[in-house]
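Engineer: sequence plus predicted model, see below.
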Amino acid sequence: NAGVTQTPKFQVLKTGQSMTLQCAQDMNHEYMSWYRQDPGMGLRLIHYSVGAGITDQGEVPNGYNVSRSTTEDFPLRLLSAAPSQTSVYFCASRGTGPAGELFFGEGSRLTVL
Amino acid sequence: AQSVTQLGSHVSVSEGALVLLRCNYSSSVPPYLFWYVQYPNQGLQLLLKYTSAATLVKGINGFEAEFKKSETSFHLTKPSAHMSDAAEYFCAVTHRNYGQNFVFGPGTRLSVLP
């Protein structure tokens, strides 16, 4: 009963380094998304995808890149990490139907020094 | 633009007392509303959701929420708080004009005092 799986759980980067956060879901959901969580700001949408080969920007896309080559996987790439990207990142997929809920991974805590 | 507000970034209640967490939304079309709970160092879990079938929605762990269109509110309640309810709670909204995306409120941290 895996659901949404994110790796790594923790990561420390230096400014300017790049990395990829991995996300996989086994529920055959078409919709997947990435959020960042910062204190007092709730969750803000970074990028989302409504199916393989289709991605779009959310509220805070700058500095991040995504791709969706399969239904299962939706990696998030930080191209050149900055301290402002220190945050907790959540991947989520959405159930079908207009009231389908989001299913979240356990999060990836990223620190950029 | 739609938005979600949660009154009170931190709420403290005594064990056994009523829990009331407030959520107000703005939406020009009928919304779907959700409450999520986040325990420390974990992801978000769905507590309950409003899908227009009934205005009073019951969720897990004894929580419920009432949709009030006239007040654009979806407040979360629980009659008797338990120590295990201490967590952060997020209200979220989506609707047909927003694609499949959600908008989240800033969250309310619930503390339960012995």
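Structural biologist: Received, thanks. Keep in mind that what you see is a predicted model, and the values were worked out from it rather than measured.
Engineer: show me where chain B has its strands.
Structural biologist: If DSSP state E is used as the criterion, the strands of chain B fall at B:3-5, B:10-14, B:19-21, B:24-26, B:32-38, B:44-50, B:56-58, B:64-68, B:73-78, B:87-94, B:103-104, B:108-113.
Engineer: possible to save the ones you listed as TSV with distance to residue A:25?
Structural biologist: Heads up, the C-betas are built off the backbone N, CA and C, glycines and all. Converted to TSV, the strands of chain B look like this (distance: least, C-beta to C-beta, whole Å):
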stretch	distance to residue A:25
strand B:3-5	25
strand B:10-14	33
strand B:19-21	29
strand B:24-26	27
strand B:32-38	17
strand B:44-50	15
strand B:56-58	26
strand B:64-68	27
strand B:73-78	27
strand B:87-94	18
strand B:103-104	19
strand B:108-113	28
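Engineer: of those, which is nearest residue A:82?
Structural biologist: strand B:103-104 (23.3 Å; C-beta to C-beta).
Engineer: what's the burial count for residue A:42?
Structural biologist: A count of neighbours around residue A:42, defined by other C-beta atoms under 10 Å in any protein chain shown, yields 19.
Engineer: that one against residue B:102, yeah?
Structural biologist: No - counting by C-beta atoms under 8 Å, residue A:42 stays clear of residue B:102, with 10.3 Å between them.
Engineer: could you dump the strands of chain B to JSON lines with mean neighbour count?
Structural biologist: As requested, the strands of chain B are exported to JSON lines (neighbours: other C-beta atoms under 10 Å in any protein chain shown):
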{"stretch": "strand B:3-5", "mean neighbour count": "16"}
{"stretch": "strand B:10-14", "mean neighbour count": "14"}
{"stretch": "strand B:19-21", "mean neighbour count": "19"}
{"stretch": "strand B:24-26", "mean neighbour count": "17"}
{"stretch": "strand B:32-38", "mean neighbour count": "24"}
{"stretch": "strand B:44-50", "mean neighbour count": "21"}
{"stretch": "strand B:56-58", "mean neighbour count": "14"}
{"stretch": "strand B:64-68", "mean neighbour count": "18"}
{"stretch": "strand B:73-78", "mean neighbour count": "21"}
{"stretch": "strand B:87-94", "mean neighbour count": "24"}
{"stretch": "strand B:103-104", "mean neighbour count": "23"}
{"stretch": "strand B:108-113", "mean neighbour count": "17"}
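Engineer: these: which one's closest to residue A:26?
Structural biologist: Here strand B:44-50 is closest among the strands of chain B (C-beta to C-beta), at 17.6 Å.
Engineer: is that closest one anywhere near chain A?
Structural biologist: Yes - counting by C-beta under 8 Å from any C-beta of the partner chain, chain A has neighbours in strand B:44-50: B:44-46, B:49.
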